[in-house]
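Chemist: Mind looking at a prediction? Sequence and model below.
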Protein chains: 2
Amino acid sequence: MNLHFSPILSIALALLASSLVAANDWKPLFNGESFDGWKQLGGRAKYSIEKGEIVGRSVADTPNSFLTTEKNYTDFVLEFEFWVQDGLNSGVQFRSMSKPEYRNGRVHGYQYELDTSTRAWTAGIYDEANRGWLYPVEYNPSARSLFKNEQWNRARIECVGNEVQTFLNGRQVSHLVDDRAITGFIGLQVHSIRDASHAGYQVRWRNLRINTQSPKLSRSEEIYVRNIAANTLSKAEQERGWKFLFDGNRTSAWKGISDVNPFNNEGWIVENGALTIQPGGKGGQLITKKTYGAFELDFDFRLAKGANSGVKYFVVDHAEPGEEKSRYLGLEYQVLDDKVHPDGSKGVVGNRTTASLYDLIPSYRNVNTRDVPLHIGKWNHGRIISRPNGTIEHWLNGFKVVEYERGTNVYDALIAHSKYADIENFGLSQKGHILLQDHNDLVSYRSIKIREL
Amino acid sequence: MNLHFSPILSIALALLASSLVAANDWKPLFNGESFDGWKQLGGRAKYSIEKGEIVGRSVADTPNSFLTTEKNYTDFVLEFEFWVQDGLNSGVQFRSMSKPEYRNGRVHGYQYELDTSTRAWTAGIYDEANRGWLYPVEYNPSARSLFKNEQWNRARIECVGNEVQTFLNGRQVSHLVDDRAITGFIGLQVHSIRDASHAGYQVRWRNLRINTQSPKLSRSEEIYVRNIAANTLSKAEQERGWKFLFDGNRTSAWKGISDVNPFNNEGWIVENGALTIQPGGKGGQLITKKTYGAFELDFDFRLAKGANSGVKYFVVDHAEPGEEKSRYLGLEYQVLDDKVHPDGSKGVVGNRTTASLYDLIPSYRNVNTRDVPLHIGKWNHGRIISRPNGTIEHWLNGFKVVEYERGTNVYDALIAHSKYADIENFGLSQKGHILLQDHNDLVSYRSIKIREL
C-alpha cells in the first residue's frame, strides 16, 4: 500500500506527535549562564553569553571554531533558535567527533548548515571534514526560501538510528538515511572567514533543548529521501512507491536484448552487492522488462579507470520491420571516466562527459558555487527524473547538472546536430525501457531504484 | 514620469471608477421577456428565453449564428454574465456588422471569445470573419485561468475611441489599441459545430447591461497593450515606459556602423511612415545609439518577395583591438521570406525561418492549435522580450515561437554547432545594441518601440 500524505497533514501529525512527548523528556542543553559542560575546539572564534543567549563572533586568521558539548548523543531530537549576521556562514554539529588520530583532532561529523548566502542551504546536512555534502538543499529547492535573514529562526534535528531529519521554521528541509549510526557531540560552529572585514560578525543561539528520552522521527514530508545505505529501501521510500530494479542481489527486473544470456560468467555478474559488467563485451545491453514514462530513477555507479558505460531511458527498439537484429535506442545519461576515456573530450562543449545527455547537452559540473565531484574507482550517485510535465533532469552526486524538455524546438535542433539526427522520433516515445550499457569496460551499478510519477 | 500601478490597485481604482457611474447610466440590453430589438443573423442555431436568460443551442450543419441587436453602439461599457457548456465555442460580437457587399452579409467585427477548450482564451479579442486574432490570450497567459467551466462568469467590455479592454471575473484580460474606431451591433454567437454529437449544446447569457452615457476605460492592469495603430504610443504604453526607436518619421535613435551615412537615397529611407532598406546594400547595418539589457522590443516588418533582413540584439563590436573594420555581432530574430529565399531551408529543422533565433532555435509556427501566419508584402508584428531573469522570447503575429536562456549548457551546445561556434562569448554581453540588417533586399520596418525592464 502506498500512503501519500500532504505536507500540511504531515506537519499536523508532526506537531501532534511532538505535543504528545511528555514535557519533562526535554532537557535544556545550555543553562543560560555558564559554559559548564561545553568546551571550545578548532579555531579561536569568540563565544560569550549575552542575555541568556550564546553569541559566537568570527575572528580573522583562524580555522572553523566549535563550542561543543562534553557529552555525546546518539538518538535525540534537538531544537534551538538561531540568528546569523548576513555574510557569515555557520552551523550546528551533531554526532560529531574530535580525535587525535583523525586529522590531528579536527572536528568532523554531521552539520546542520546555517547559510546566509544566496545559495540558501540552511538546514542542509554537511559532513564536516569528512564526506562533504550529504543533503545539499538542491534536493529540496522550495526549502531555500524558509531561512529568515538576520531574524530568529527555529531549527529541529531528529536523529534516530541511521536516519536524520532536519527542519527549519516548521518545515522539513532534509531527510537522510545514512549507512552508519554514530554517536558524538553537539557543537556550535563559527566558520572561518576569508574577508578580514567580516571579523566580529555574529551568530546567536538560544532556547537549546534536547530530548533523548523519547526521540522519534516525525512522519517525513514529501521530500526527496537521500538514502546512502547501499541496496536498502527505507520505510519512507517504500511508502512513496520506490521499488528496486537491483537490490544488490536479484536481477529479475532485467533482460538482455539478444539470444545470449547477459548474466553469464564473462558478462554481467552480481558480486559484493554490485551488478558489474566485465570487460570484453560478453554481456550485451541490459534492459528492464518493464517500460516507464514519468519516473524517478536512483542509482549508484562505479567506473574503473578509463571505463565507459551509460544509463539510457525512453529506450525502444528502432529496428525496421523485417530487420533481424534489434536496435534499442534511447536518451543516455552518460557514465564515463571522462578525464581518461577519449570520448570524454569529443562532441561539443563537454556533452559526452559523465551525467551529460549524451552528445546533446553537457553536464555542467559547477553548480551553485560547488564543483560537482566525480569519483573514479568509487561509488557515485546518479539520478534521472522524468517529470509528468515533460521536463527531464540529470543529477550527479547531489546536483542537478542537466535539465531539458523532450520534443521542443530546442530539443529538435540539438538532435539534428547529433549522432541521432537520422533516427526518426528519437527519444520521443511515451514510455521506454531503462538500459544499462555494456561498453566493453568494467563498470558496476548498485542501489538501482525507481518510482513512477 | 513612469507610473507603475499594481494590479490590485488598478482593480480597486477600476471598481471605484465604476461605482462612481450614476446607476441610471446603465440600461438593460435585453428585457428578459422577448427578443424585441434583436434579430438573428448567420446560421440557424436556436435561441430561446428561459428564466429571463437568453439560451443559445448549437445545431448541426449550420454556420456560425448570431443573435444581434438592431441598434449600433460605438463607445460603451457592456457587462453580462455567461455560462457555456463544456465543448462549445461561443462569443459576443461588438462593433460588428453585416453588409450585403461584404462576403454576402457575413457577420464580422470584434468578438469577445468564449472558449471552453484547454487553450482557454476566453475574453481574448478575435476579429470575426476579418483580421482574425487581435488579442490572443497568449499575450496575457495568467488570464488563462480566470474562466470557470460550466459556471456563471462575469464579463465586461470597454470600448472608447480606438481602444478596447476586456475583463473576465473581475480581472483584465486584454487591452487593444486599434487603428480604427467603428460602430456596430452587439451579437451573441453560437459557433458552428464540427461534431454532430455536440448539437443542442448550450450557452446562456443573463444580466446584460450597457452604459453608453458615460463610457470610460478603466485604468489598465499591467498587461501587454497590443497597439495596432501604426507609429503611435497609447497613453498606457507611455505610462509603462515605452519609447519609440522609430515613429514613422524620426531616425535619431539609429546610426550606421561605418563611415557611410546609412540614411542616403540608395540606402535606408523614410517613406509613408516606414523605415525601408532598399536593395543594393548601400545602407549598411543600422544600430541603436543606446545599448539594452533587459527590454521588451515591439516592431512591425514587411518583406518584399524573397527578401532577407533581421533584427539583432545584444549586439557588440567583436573586432579585435587594432582590427580596422567593426564586427557588430549579436543574437538574431530572423526576418526572411523563408518560403522563397534559399536560406529559409538551410540550417537544421527550420532554424533560419522567420522569427527563429537565427541558426540556433527554429521558430515553431504551430502554437496552441493555431498556425502562426507570415504575410509577404504586408505588415507582420514582431516582438522580442529579454527578461530580467535571463529568459528571452521571440514572438510573431501574436504567438511566442522561441524561448531560451543565454549562457546555459543548452545554449552553449547550440552555439557550438552554429556559425557562431568560433566567436568568443557570442551573445553573452550584459547589454548590446539593437541592429536592423541590410541584406541587400527590400524590407521595411515601422512602429519600433522599446521599454527597459
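Modeler: Received it, and whenever you're ready, just let me know what you need.
Chemist: And the pLDDT at residue A:251?
Modeler: Residue A:251 is assigned 97 on the pLDDT scale.
Chemist: ok, now which ones touch it?
Modeler: Under the criterion of CB atoms under 8 Å, 6 or more residues apart in numbering or on different chains, the neighbours of residue A:251 are A:263, A:268, A:270, A:275. Yep, even glycine has a C-beta here, placed from its N, CA and C like the rest.
Chemist: OK, contacts around the residue nearest the centre of chain A?
Modeler: Residue closest to the mean C-alpha point of chain A, counted by CA atoms, centre = their mean, is residue A:398 at 4.1 Å. Contacts for residue A:398 were tallied using CB under 8 Å, 6+ apart; they are A:133, A:135-136, A:138-139, A:226, A:372, A:381.
Chemist: Closest to chain B out of these?
Modeler: Comparing these against chain B with CB to the nearest CB places residue A:372 closest, at 12.6 Å.
Chemist: I'd like to know how far the residue nearest to that closest one when sequence neighbours are not counted sits from chain B.
Modeler: Counting by CB to CB, 6 or more residues apart in numbering or on different chains, residue A:365 is the residue found nearest to residue A:372 once chain neighbours are left out, at 4.1 Å. From residue A:365 over to chain B the distance is 10 Å, taken as CB to the nearest CB, to the nearest Å.
Chemist: Surely residue A:306 touches residue A:441?
Modeler: Yes - using CB atoms under 8 Å, residue A:306 is in contact with residue A:441, at 7.3 Å.
Chemist: can you tell me which of the contacts of residue A:398 lies nearest to residue B:110?
Modeler: residue A:138 (49.6 Å; CB to CB).
Chemist: Isn't the closest one up against residue A:397?
Modeler: No - using CB under 8 Å, residue A:138 is not in contact with residue A:397; the gap is 10.5 Å.
Chemist: What's the local residue count around residue A:452?
Modeler: Residue A:452 has 14 neighbours, counted by other CB atoms under 10 Å in any protein chain shown.
Chemist: In contact with it: list those residues for me.
Modeler: For residue A:452, the contacting residues are A:241, A:292-295, by CB under 8 Å, 6+ apart.
Chemist: need the residues of the stretch 351-453 of chain A near chain B, please.
Modeler: Residues of the stretch 351-453 of chain A lying close to chain B by CB under 8 Å from any CB of the partner chain are A:351, A:360-364, A:402, A:404, A:409-410, A:412-414, A:416-417.
Chemist: Between the contacts of residue A:398, which sits nearest residue B:316?
Modeler: Nearest member of these to residue B:316, counting by CB to CB, is residue A:372, at 31.7 Å.
Chemist: So that closest one sits against residue A:402, correct?
Modeler: No - Residue A:372 sits out of contact with residue A:402 when judged by CB under 8 Å, with a separation of 11.4 Å.
Chemist: any common contacting residues for those two?
Modeler: Here residue A:372 and residue A:402 have A:355, A:363 as joint contacts, going by CB under 8 Å, 6+ apart.
Chemist: before we move on, the earlier item: narrow the contacts of residue A:251 to those in strands?
Modeler: A:268, A:270, A:275 (DSSP state E).
Chemist: Distance check, residue A:27 against residue A:37.
Modeler: From residue A:27 across to residue A:37, the span is 11 Å (CB to CB, to the nearest Å).
Chemist: What residues does chain A have near chain B?
Modeler: So chain A meets chain B at A:348-349, A:351, A:360-364, A:402, A:404, A:409-410, A:412-414, A:416-417 (CB under 8 Å from any CB).
Chemist: same thing but 7 Å
Modeler: Neighbours of chain B within chain A, by CB under 7 Å from any CB of the partner chain: A:348-349, A:351, A:360-362, A:364, A:402, A:404, A:409-410, A:412-414, A:416-417.
Chemist: was I right about residue A:441 contacting residue A:307?
Modeler: Yes - if you go by CB atoms under 7 Å, residue A:441 and residue A:307 touch, sitting 3.7 Å apart.
Chemist: my read: residue A:124 touches residue A:132, true?
Modeler: No - contact status for residue A:124 versus residue A:132: not in contact, 11.2 Å apart, counting by CB under 7 Å.
Chemist: Would you mind listing the residues touching both of those two?
Modeler: Between them, residue A:124 and residue A:132 share no contacting residue under CB atoms under 7 Å, 6 or more residues apart in numbering or on different chains.
Chemist: Where does the stretch 1-150 of chain A get nearest to chain B, which residue?
Modeler: The stretch 1-150 of chain A approaches chain B most closely through residue A:118 (14.1 Å), counting by CB to the nearest CB.
Chemist: wait, what's in contact with that residue?
Modeler: Contacts of residue A:118 by CB under 7 Å, 6+ apart: none found.
Chemist: and it, helix, strand or coil?
Modeler: At residue A:118 the chain is in coil, as set by DSSP: H, G, I helix; E, B strand; the rest coil.
Chemist: And the pLDDT at it?
Modeler: Per-residue confidence (pLDDT) for residue A:118: 92.
Chemist: Figure out the length between the terminal residues of stretch A:114-131.
Modeler: Chord length of stretch A:114-131, first to last residue, is 18 Å (CA to CA, to the nearest Å).
Chemist: could you show me where the strands are in the stretch 1-150 of chain A, in order?
Modeler: For the stretch 1-150 of chain A, strands defined by DSSP state E, counting those that start in this stretch occupy the ranges A:26-28, A:38-42, A:46-50, A:53-57, A:65-69, A:76-84, A:89-97, A:108-115, A:125-128, A:132-135.
Chemist: Next, format those strands as JSON lines and append mean pLDDT and mean neighbour count.
Modeler: Formatted as JSON lines, the strands of the stretch 1-150 of chain A follow (pLDDT from 0 to 100; neighbours: other CB atoms under 10 Å in any protein chain shown):
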{"stretch": "strand A:26-28", "mean pLDDT": "96", "mean neighbour count": "13"}
{"stretch": "strand A:38-42", "mean pLDDT": "96", "mean neighbour count": "18"}
{"stretch": "strand A:46-50", "mean pLDDT": "96", "mean neighbour count": "14"}
{"stretch": "strand A:53-57", "mean pLDDT": "97", "mean neighbour count": "20"}
{"stretch": "strand A:65-69", "mean pLDDT": "97", "mean neighbour count": "24"}
{"stretch": "strand A:76-84", "mean pLDDT": "98", "mean neighbour count": "21"}
{"stretch": "strand A:89-97", "mean pLDDT": "96", "mean neighbour count": "25"}
{"stretch": "strand A:108-115", "mean pLDDT": "97", "mean neighbour count": "24"}
{"stretch": "strand A:125-128", "mean pLDDT": "96", "mean neighbour count": "21"}
{"stretch": "strand A:132-135", "mean pLDDT": "94", "mean neighbour count": "21"}
